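**Q** Need a 3D model of the following:
(2 chains)
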Amino acid sequence: MANKRIEVKDLTLVFGKNKKLGLKLLDEGKSIKEIREEEGIAIGVNDISFDIEEGEMFVIVGLSGSGKSSLIRCMNMLNVPTRGQVLVDGENICDYTKDELLEFRRHKVAMVFQHFGLLSHRTVLKNVEYGLEIQKVEQTQRRKKALEAIKLVSLDGWEDYYPRQLSGGMKQRVGLARALTNEPEILLMDEPFSALDPLIRRDMQTELLSIEDYVDKTIVFITHDMNEAFRLGDRVALLKDGELIQIGKPRDFFENPANKYVESFIEDVDKSRILRVKTVMTEPKVVGTKGQKRTELIQKLQDNEEEHCYVVDENNRLVGYVELEKLLVSTHETIDKTIDRNYEEINRNAFLADIWSKLDESEVDVAVTDKRNYFRGVIGHEDVVSALS
Amino acid sequence: MFKFPEFLRIEISGPIDDAVTWMLKNWDAFFDVIRDIILVMFNSVEGVLNIIPWWLFLIAVFIAGWKLYNVKSGIILSSMLMVIGLFGLWDMMIYTIVIVLISVFVSIILGLPVGIFMAKSKRATTIIMPLLDAMQTMPSFVYLLPAVMFFGFGRVPAIIATTSYAIAPLVRLTYLGISEVNKEVIEAGKSFGSTSRQMLLKIEFPQALSSIMTGVNQTTMMAMAMVVISSMIGAEGIGEQVLIAIRRQQIGKGLEAGFGIVFLAIIFDRVLQGAAQKLKERS
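**A** You can find the predicted model right below:
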């Protein structure tokens, strides 16, 4: 299992001056709605806990007013939690001093906003440079980084335009580039595609997934769109009235909806077009490494009662596939000569609806890779069937 | 029965007069410093304006009108300036411009920080806002009184009266401009780790600039209006010509001076509004 990057512990957020009373009423078991109507105290988040793992795309979904935007703002202290903790890499960011917080915001975390939050008096390039500029990074160096980020979001050629001259989709690319320039470990995205029209939104989603392949970042993504949530998320958290209703992989929502509300939420979703390979794939029990001793791998395979496994190189790139039968008859010291390079692979971001043919052709579980050919997992017929049923 | 009862009358004019006398006696060094600063400003601005030849003013106004609007506006604005000269009001106009420029300058120096402070502090807003309302509803004559009391007659009290009358819109629009910067833009600035100084200089101030420019424009217009009234306490300039014309009942001369002021105001207004518009288009 990957490391925990963000841990949210018993987080409660009360707005306004009367925070103590708000907390007291919550402890007495009053609902958020009652507290708002009786005392006029707004509560954004009520006692939420969860972990976000390193490199994960974590989606928080909920209708408007469910507290999702308030929650994500606790992760860079734009909202200060009233009670509870937010730990990032084990450090409680609520305890940070002013300087530590600046440092944290400058290097660890960056945010993308629903309405872009671009500086209208600056050009695209100057917007993208902003994060480095306030860190007093030298001009040539920050320009170089900014141009790289602009290229990554395919906005090259637009550097000297002003935000008002760009379309919505392009503005959000600027927002994304600006966030990426800081090279943050964590990317917070607050409904980044909600203000875009549906076609552009689909493009941006695809693009985000392909960018994610290149930059290994932990991404926290907020949306009110269930389809978007399941399409993008490695894991999804569903919020309602400031409370966490269900959290899990997209398929968990279909297999074990926590309650009626979740059921109604996912009712109209075409699972095969929403679920991605990466959310259904499984971790292989055995993975061979190039140059590994033959006997060692045979032992492992036999221990796990496996007939075959995939082989990766030292960088975790997929190189091939070996069968136990062939290993047993081989006479070589290592497994290298036995590797079969004739195998099927599937991109981890493909939709289940699009991989049927490949699964049908293959007798064994198919390897799942990303754009850089890193081996990510395997997927078989039964995984897909159980996910869709 | 219908008359307001005599015994309810309170005298505050006496104590106020006493207080002023006391302040004049004990704080005279303070007033002298202010007087000196203003005189130095007056002399240097006047000196600069006087070494610019008259035709350069015409060309400058033409170029401003042309660049901000079109050639036609450039021609109209510079002909207005020409008319002022033709009426024989050129030298008076320079005086008027000096007083207006200094008043606007002092307004910016004092008004900007106050406006920014208001945007940052709710408490300051609740105190200063009604003050601004009062300042803007108070009849302009009232400003003459304290100026005369503390500084006598002449240029210095004229500039002080003009500044105190004209400063309110600048404060108000600075406050508005800064407090109305888009919330997400503010959040974006914070989320990248801007210090509060960087927030102000790199985000809030540039974003509020077009609103602030509108404030500068309004302040200039108010200063133009006040500079005429200030002639009553000894400000030289076109306003003085109006005053003289009223005393001597010379309608023709009064109208000439009146048009002179209107034209000057139009030139100021067009140029500043054009600049504000250009800034707005950018954002």
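**Q** neighbours of residue A:263, just the number please.
**A** 12 (other CB atoms under 10 Å in any protein chain shown). From N, CA and C alone the C-beta is placed, and that goes for glycine too.
**Q** what does the one 4 residues further on give?
**A** As a burial measure, the neighbour count of residue A:267 was computed by other CB under 10 Å and equals 9.
**Q** Also residue A:357?
**A** 9.
**Q** tell me the pLDDT at it?
**A** Looking at residue A:357, its pLDDT reads 77.
**Q** cool, and residue A:1?
**A** 47.
**Q** ok, now residue B:48?
**A** Looking at residue B:48, its pLDDT is 93.
**Q** So for residue A:271, what pLDDT did the model give?
**A** pLDDT for residue A:271: 76.
**Q** Could you list the contact residues of the stretch 101-250 of chain A toward chain B?
**A** A:101-106, A:109-111, A:113-121, A:130-131, A:133-135, A:162, A:164, A:178, A:182, A:188 (CB under 8 Å from any CB of the partner chain).
**Q** give me the beta-bridge partners of residue A:237?
**A** For residue A:237, the beta-bridge partners are residue A:60, residue A:247 (DSSP bridges).
**Q** what residues are up against it?
**A** Counting by CB atoms under 8 Å, 6 or more residues apart in numbering or on different chains, residue A:237 touches A:50, A:58-61, A:244, A:246-247.
**Q** Tell me, please, the helix or strand in chain A that averages the lowest pLDDT.
**A** In chain A, no helix or strand scores lower on mean pLDDT, DSSP states H and E than helix A:271-274, which sits at a mean of 76.
**Q** That one packs against which elements?
**A** Judged by 3 or more CB pairs under 8 Å, 6 or more residues apart in numbering or on different chains; DSSP states H and E, the packing partners of helix A:271-274 are helix A:226-232, helix A:381-388.
**Q** I'd like to know which elements the next helix-or-strand element following that helix is packed against.
**A** Counting by DSSP states H and E, the element after helix A:271-274 in chain order, helix or strand, is helix A:277-280. In terms of contacts (3+ CB pairs under 8 Å, 6+ apart), helix A:277-280 is packed against helix A:250-255, strand A:375-379, helix A:381-388.
**Q** now, of those, which is deepest in the fold?
**A** strand A:375-379 (a mean of 22; mean count of other CB atoms under 10 Å in any protein chain shown).
**Q** Rounded mean pLDDT for that strand, please.
**A** Rounded mean pLDDT across strand A:375-379 is 88.
**Q** Give me the spatial nearest neighbour of residue A:3, chain neighbours excluded.
**A** In this structure, residue A:3 finds its nearest non-sequential neighbour in residue A:54, 4.6 Å apart by CB to CB, 6 or more residues apart in numbering or on different chains.
**Q** Could you count how many residues lie near that neighbour?
**A** 16.
**Q** Over to residue B:41?
**A** Number of residues near residue B:41 (other CB under 10 Å) recorded here: 16.
**Q** which ones are touching it?
**A** Residue B:41 is in contact with B:102, B:105, counting by CB under 8 Å, 6+ apart.
**Q** mind checking how far it is from chain A?
**A** As judged by CB to the nearest CB, to the nearest Å, residue B:41 and chain A stand 31 Å apart.
**Q** Ok, residue B:46 next?
**A** Here the criterion is CB to the nearest CB. By it, residue B:46 lies 35 Å from chain A.
**Q** does that residue belong to a helix or a strand, and which?
**A** Element membership of residue B:46 [criterion: DSSP H and E] is helix B:28-50.
**Q** Tell me how far that helix lies from the chain's centre.
**A** 17 Å (CA atoms, centre = their mean, to the nearest Å).
**Q** Next: stretch B:153-166.
**A** Remark: stretch B:153-166 is offset 10 Å from the chain centroid, using CA atoms, centre = their mean.
**Q** can you check stretch A:119-139 too?
**A** The answer for stretch A:119-139 is 26 Å, by CA atoms, centre = their mean.
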